[in-house]
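Peer 1: when you get a sec, could you give me coordinates for this:
(chains A, B, C and D)
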Protein chains: 2
Amino acid sequence: MSLTSAEIQQRQARMLAACRRDGLRITRQRTEVYREIAATEAHPDAEAIHARVTRRIAVSLDTVYRTLAALEKAGAIGRVSALHGAARFDANTAKHHHFVCTECGLVRDFSSAELDAYCPPEAVRQWGEILSVHAELRGICNQCREARTGSPGA
Amino acid sequence: MSLTSAEIQQRQARMLAACRRDGLRITRQRTEVYREIAATEAHPDAEAIHARVTRRIAVSLDTVYRTLAALEKAGAIGRVSALHGAARFDANTAKHHHFVCTECGLVRDFSSAELDAYCPPEAVRQWGEILSVHAELRGICNQCREARTGSPGA
DNA sequence: GTGGGTGCAAATGTTTTGCACTCGG
DNA sequence: CCGAGTGCAAAACATTTGCACCCAC
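Peer 2: The predicted structure follows:
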């Protein structure tokens, strides 16, 4: 179930490539923070990562936050949920799915018979009782796109 | 695009039923907080809801939080992302999806050719540029289930 | 050498909690 | 009536930021 050291090495290499591509310096803190995330499948939060990294080297919690933000922007890591900050609520209790703009946080609902018909693999159903399926489509909404380029091009 | 008053009324009725079912008292604060969520498709956060409700009646922000938690437990509202609290990270940059335990926050990855092949409806693609599709399967993991019942029943 | 990265500490933002008072059932 | 719900204020978390120092390039 856990990763082999070959897989971790491969991830490390991809991370280094992502840093170079984005002009990020390779520091001890970055490699060690990344190493902790790459070595686990537990999807840790900033504090859990910090706790594990500080067993090996000294890093401050705020550096962990800055490192996570930098690695995410570089595409070396992902976050489990696209939405940061405050929890958002919805009175729509019918089955539905979301388009989320990662730039401004816009959320729009849509429904999909195709997604509602999705039946998770047996292996996943073994993990527990599945109560609902929500798809999260991440992207950039038209308004943010236009704000970036200055014009409404595709 | 916005909801009709008939739809809002219908939502209100469902909310009242959910409260009665869960033994929650019907208070002015609860109905007004709910009404604000039901009347919008903007997926507001606690602060935004509070700001709008206080235009009409006096409610404290902490009551808004408690109301949201109660309505969510009663099934009258939902939250956009299953995960509360701290952001969680993942070194797996390949396409994959998540099983999330809403009780303990366990997250497990799985991949699915079927989900990866999903093509969002044209109407949704009009909203912006879609960069990725993540499915979130919400449920209760086996460990939490066993902790509840005291025995590992299905 | 120099600008990006880091540590420290303090600020900001989000959510929860203890306690006394109030009101829905 | 009486306990669930509320308001207030303070605490507990989660995350960001300003500034001085340091090191990867």
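Peer 1: name the helices or strands packed onto the helix or strand hosting A:Glu36?
Peer 2: Assigning secondary structure by DSSP states H and E places A:Glu36 in helix A:28-38. Identification of packing neighbours for helix A:28-38 by 3 or more CB pairs under 8 Å, 6 or more residues apart in numbering or on different chains; DSSP states H and E yields helix A:5-21, helix A:46-53, helix A:61-74. Just so you know, the C-beta spots here come from the backbone N, C-alpha and C atoms, and that holds for glycine as well.
Peer 1: DNA strand D: which of the ones you listed is closest?
Peer 2: The closest of the helices and strands packed on helix A:28-38 to DNA strand D is helix A:61-74. By CB to the nearest atom of the strand, the value is 3.5 Å.
Peer 1: tilt between the lengthiest strand in chain A and strand B:128-141?
Peer 2: What stands out as the longest strand in chain A, according to DSSP state E, is strand A:128-141. Angle of strand A:128-141 versus strand B:128-141, following axes from the mean of the first three to the mean of the last three CA atoms, to 10 degrees, is 160 degrees.
Peer 1: name the strands paired with strand A:128-141 and say parallel or antiparallel.
Peer 2: Strand A:128-141 sits in its sheet next to strand A:97-101 (parallel), strand B:128-141 (antiparallel), going by DSSP bridges.
Peer 1: redo the helices and strands packed on helix A:28-38 as a markdown table? Include mean neighbour count and distance to chain B.
Peer 2: A markdown table is the format used below for the helices and strands packed on helix A:28-38 (neighbours: other CB atoms under 10 Å in any protein chain shown; distance: least, CB to the nearest CB, whole Å):
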| stretch | mean neighbour count | distance to chain B |
| --- | --- | --- |
| helix A:5-21 | 15 | 5 |
| helix A:46-53 | 18 | 6 |
| helix A:61-74 | 17 | 6 |
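Peer 1: for those helices, which one sits closest to B:Ala117?
Peer 2: helix A:5-21 (24.5 Å; CB to CB).
Peer 1: which residue ranges make up the domains of chain A?
Peer 2: A:5-90, A:97-149 (automatic domain parsing).
Peer 1: the helix or strand of chain A with the lowest mean pLDDT vs strand A:128-141, what angle?
Peer 2: One helix or strand of chain A scores below all others by mean pLDDT, DSSP states H and E: helix A:142-149, with a mean of 89. Helix A:142-149 runs at 40 degrees relative to strand A:128-141, counting by the same axes, to 10 degrees.
Peer 1: pull out the buried positions in helix A:142-149.
Peer 2: The neighbour-count check on helix A:142-149 (16 or more other CB atoms under 10 Å in any protein chain shown) flags A:Asn142, A:Cys144, A:Arg145 as buried.
Peer 1: can you tell which of the domains of chain A is closest to B:Tyr65?
Peer 2: B:Tyr65 lies closest to domain A:5-90 among the domains of chain A, at 9.3 Å (CB to CB).
Peer 1: that closest one near DNA strand C anywhere?
Peer 2: Yes - applying CB under 7 Å from any atom of the strand, one finds domain A:5-90 touching DNA strand C at A:24-25, A:27, A:29-30, A:58-60, A:62-63, A:66-67, A:70, A:85-87.
Peer 1: below-threshold pLDDT in chain A: ranges please.
Peer 2: Scanning chain A for pLDDT under 70 picks out A:1, A:150-154.
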